[in-house]
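> Structural data only, the sequence is not supplied:
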């Protein structure tokens, strides 16, 4: 019998990873998504919790492109994937 080491995400306990660095990246992305969702709900109170969460996750997954756009590189937003894109 072989022993296999797996890593569980703190923010998403059902998700298992074979690599600690990958699990850490996923946790950091979800932490950013949570902060973004909170900020979006404060800014747009009419957003449902689900909408804010989905938008936060989308923005966190594409944080590099959004960061470039915030630095006046608007073309970076053309690189942003579809909302249904997964990890």
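Cool, the structure landed. Quick caveat: nothing in here was measured; it's all calculated off a predicted structure.

> Can you tell me how far residue 26 is from residue 47?
24 Å (C-beta to C-beta, to the nearest Å). C-beta: built from backbone N, CA, C; applies to glycine.

> Likewise for residue 74?
24 Å.

> Comparing those two, which residue is more hemmed in?
residue 47 (16 against 10; other C-beta atoms under 10 Å).

> Which residues are in contact with that one?
By C-beta atoms under 8 Å, 6 or more residues apart in numbering, the residues touching residue 47 are 40-41, 55.

> redo that, cut-off 7 Å
40-41 (C-beta atoms under 7 Å, 6 or more residues apart in numbering).

> got the phi/psi numbers for it?
Phi and psi for residue 47, reported as degrees, to the nearest 10, are phi -70, psi 140.

> Kindly report the same for residue 49.
With angles defined as degrees, to the nearest 10, residue 49 sits at phi -60, psi -40.

> list the helices and strands the longest helix along the chain packs on?
Taking DSSP state H as the criterion, the chain has its longest helix at helix 20-43. Packing partners of helix 20-43 (3 or more C-beta pairs under 7 Å, 6 or more residues apart in numbering; DSSP states H and E): helix 49-61.
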